[in-house]
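This is a predicted model, with the sequence first.
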Amino acid sequence: MIKRALISVSDKRGIVEFATKLSQLGIEILSTGGTAKLLRDSGLNAIDASDVTGFPECLDGRVKTLHPVIHGGILAMRSNPHHMEKIEQLDIKPIDMVIINLYPFKETISKEDVTLEDAVENIDIGGPTMLRSAAKNYPDVTVIIDPKDYDKVLEEIENRGNTTLDTRYNLALKVFQHTSHYDTLIAGYLGRGLKTFPETLTMTYEKVQDLRYGENPHQKAAFYREFGSQAGALGGGEQLQGKALSFNNINDTNGALELLKEFDKPTIVAVKHTNPCGVATAENIFEAYKKAYEADPQSIFGGIVAANDQIDGQTADMMKDIFLEVVVAPDFTAEALEIFKAKKNVRLIKLEDIKAKKQGYDMKKVLGGILVQEKDDALLEEIKTVTEKAPSEKEMEDLLFAFKVVKHVKSNAIVLVKDQQTVAIGPGQVSRIWALDNAVKNAHLDLKGSVLASDAFFPFRDCVDAAYKAGVTAIIQPGGSIKDEDSIKACNEVGIGMVFTGMRHFKH
Ligand SMILES: NC(=O)c1ncn([C@@H]2O[C@H](COP(=O)(O)O)[C@@H](O)[C@H]2O)c1NC=O
């Protein structure tokens, strides 16, 4: 039977209605300062926690409920005669239900002008302490952290005088999930800007949505977002059309966005299975799309297209000729939206700040652990010409374009570019020459006069020889192989200009 409840809430929405029902059910209500006042002002009979503890609330509310009379009342195991004898001796009365929500720490640190003092003052101490006491003693105590649970709990009390053990267990679990989320936000805020990797790593995410399935239909999945600004991330976008995003849509679109952020001029990135299949820069987004499409008209089918400028009617008109899973852009003209109406299955995402770069770490789940590293947000250390011939200015522009793209292709990766357009991409091979051979073999455009980028050094001269055969005139690569001289010699023999960047970009 629930006889006494303690209510202490920061977010007071719905609490008067809930407390009124509890009161009508004959449950005695204890409460803290602001909550008690609200309940009394609403005509309810609420006993101040300070009257129960015999201690006034003090230190600007830092100490209200931190007292053995409160915690003994919550923690005493009703099935343990020693506990019950003890609390009786100490004149502590059981508290059977605890209804709490915490100081708004997350909302406070979300404010742009938040000060450290403000944030610290919004770290709730007494609330989580009571929540933990009540959740630990779930066999006897009902604990509510979420107003969404008010109705279910009321229904059970109305029907049987108490909640079920099952409900109390689930509410307790919810509490520990909530308090660990709350504490992780605090640790994250206080540790913000630290460049070291902490001894223990706690992360917290909030569910955005359940997904229909994961990478494959037999895998269940959900999408979670991290705390903080979603600027430039998919979570900050607005879906204008189409079915809900799938697991693969989110993963692929993310891959497209990361690559797109390398460019300022109007650029299109088309992605398939997280690898780019066509990337192009042009004077406007239509020309860029045309070039990205022509780079590989086969693979773009069913792919993801990301644009860093508004999609207009002309571009939408061309896009509608094939099936695309997702089109993400900072905006769409009214004409473009009208055209896409005929292609209901295309998911359109408006992401205004698509160029915004994200800080933070990269993480990769491995069996039994997680790898954490800084984001790969640099491009190169230097540009050093290592051959007799230096690349021309135009070749240099294309080399840099190619190096930006190859950075985002799964290793081993080779990218060929001509006129700011990928003309061949060789992703994810276990041998570098295979990546090059695949790129050349599957190219849709003429490779004569193209330039080549490699994500890591050439272990042998074979890549230079194959590149020359394909029509490549200049190469960009990190350098650093003990056989660099062999590749340089191969370039000099055929008049290819090669530059080293001093920076490798493996991506797996
Ligand atoms: N210090 C304490 O003993 C204490 N006990 C409860 N609180 C919190 O005080 C808030 C409610 O305060 P009020 O009822 O005065 O508006 C709740 O968010 C509750 O979690 C406390 N405040 C923070 O630590």
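Received, thanks.

Skipping its backbone neighbours, what lies nearest Tyr138 in space?
In space, and not counting its chain neighbours, Tyr138 is closest to Ala172: 3.7 Å by CB to CB, 6 or more residues apart in numbering. All C-beta atoms are positioned from the backbone trio N, CA, C, and that covers glycine.

shouldn't the one you found be in contact with Thr142?
No - using CB atoms under 8 Å, Ala172 makes no contact with Thr142, being 9.0 Å away.

Need the residues touching each of those two.
When contacts are counted by CB atoms under 8 Å, 6 or more residues apart in numbering, Ala172 and Thr142 are jointly contacted by Ala134.

hang on, the earlier thing: tell me which strands and helices the strand or helix carrying the residue nearest to Tyr138 is in contact with?
Per DSSP states H and E: Ala172 is located in helix 165-190. Counting contacts by 3 or more CB pairs under 8 Å, 6 or more residues apart in numbering; DSSP states H and E, helix 165-190 is packed against helix 105-110, helix 126-136, strand 142-144, helix 150-160.

do that again at 10 Å, thanks
Secondary-structure packing of helix 165-190 (3 or more CB pairs under 10 Å, 6 or more residues apart in numbering; DSSP states H and E): strand 97-101, helix 105-110, helix 116-121, helix 126-136, strand 142-144, helix 150-160, strand 205-211.

OK, contacts around the residue lying closest to Gln241 once chain neighbours are set aside?
With CB to CB, 6+ apart as the criterion, Gln241 has its nearest non-adjacent residue at 4.3 Å, and that residue is Leu348. Leu348 makes contacts with 237-242, 311, 316, 324, 326-329, 332, 336-337, 340, as judged by CB atoms under 10 Å, 6 or more residues apart in numbering.

can you tell me which of the residues you listed are in helices?
Ala316, Ala336, Leu337, Phe340 (DSSP state H).

Tell me which stretches of the stretch 301-450 of the chain form helices.
Secondary structure of the stretch 301-450 of the chain by DSSP state H, counting those that start in this stretch: the helices cover 313-319, 334-340, 393-406, 432-441.

Out of those helices, flag the one nearest Gly188.
For Gly188, the closest of the helices of the stretch 301-450 of the chain is helix 393-406, at 31.2 Å, according to CB to CB.

Pull out the buried residues from that closest one.
Neighbour-count burial for helix 393-406 flags Glu395, Met396, Glu397, Asp398, Leu399, Leu400, Phe401, Ala402, Phe403, Lys404, Val405, Val406 (criterion: 16 or more other CB atoms under 10 Å).

Tell me who's in contact with Val409.
Val409 makes contacts with 255, 259, 274-277, 279, 415, 422, 425-428, 435, 439, 453, 455, 505, 507, as judged by CB under 10 Å, 6+ apart.

If we check the ligand, which of those are in contact?
For the ligand, no contacts are drawn from the contacts of Val409 by CB under 6 Å from any ligand atom.

Now do the contacts for Glu107.
Neighbouring residues of Glu107 by CB under 10 Å, 6+ apart: Ser10, Asp11, Val114, Asn122.

Per-residue pLDDT of it, please?
On the pLDDT scale, Glu107 is placed at 96.

before we move on, what about Glu57?
pLDDT at Glu57 comes out at 89.

ok, it - contacts?
Glu57 neighbours (CB under 10 Å, 6+ apart): Thr32, Gly33, Gly34, Ala36, Asp48, Ala49, Ser50, Val63, Lys64, Thr65, Gly126.
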